[in-house]
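Colleague: Quick one, fold the following:
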Amino acid sequence: MNQDHKLPDAMTDPQLLQATNRHAEAETLYRRAQAIAEANGEGVPKDDVAAYMWFNLAAASGNKGAATQMQVMEKIMTPEKISEAQKLSREWKQKK
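Modeller: Residues are numbered from 1 along each chain as shown. Down below sits the predicted model:
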């Protein structure tokens, strides 16, 4: 019984393409958040609210590291700043 097993083609399989796109989006959002959170005044200003917003979006897209970063940031941010970042996340998702 010789069965031919065909692997999905990454360029044509819709489910694989969708998963790949989700992963790429989550990674992009995570890197954006990381850049803002770690900024030292060169190029991108440090902004905890914006960084938290991007980490939140990355976590919602499946990036596990983003959720960890959010927990770290929650220790140094005020509840008001966290609420503001969450609001910005919701607004960004609605525009998308």
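
Colleague: okay but K81 is in contact with A50, surely?
Modeller: No. Contact criterion Cβ atoms under 8 Å: K81 and A50 do not qualify, at 10.5 Å. For the C-beta atoms, the positions are set from N, CA and C on the backbone; glycine is no exception.

Colleague: In terms of neighbours, single out the busier of these two.
Modeller: Comparing K81 with A50 by other Cβ atoms under 10 Å, the one with more neighbours is A50, at 19 against 15.

Colleague: And the more buried one, how close does it get to Q34?
Modeller: 12 Å (Cβ to Cβ, to the nearest Å).

Colleague: Can you tell me what sits against the host helix or strand of L88?
Modeller: In the assignment (DSSP states H and E), L88 maps to helix 79-95. Contact with helix 79-95 is made by 48-50, 52-53, 56-57, 60, 74, 77, as judged by Cβ atoms under 8 Å, 6 or more residues apart in numbering.

Colleague: do stretch 61-70 as well
Modeller: For stretch 61-70, the external contacting residues (Cβ under 8 Å, 6+ apart) are 22-23, 25-27, 29-30, 33-34, 37, 52, 55-59.

Colleague: Just the buried ones out of those residues, please.
Modeller: 25-27, 29-30, 33-34, 37, 52, 55-59 (16 or more other Cβ atoms under 10 Å).

Colleague: can you pull out the helices in the protein?
Modeller: 14-37, 48-60, 64-74, 79-95 (DSSP state H).

Colleague: Of the ones you listed, which stretch is the most buried?
Modeller: Highest mean neighbour count of the helices of the chain: helix 48-60, a mean of 23 (counted as mean count of other Cβ atoms under 10 Å).
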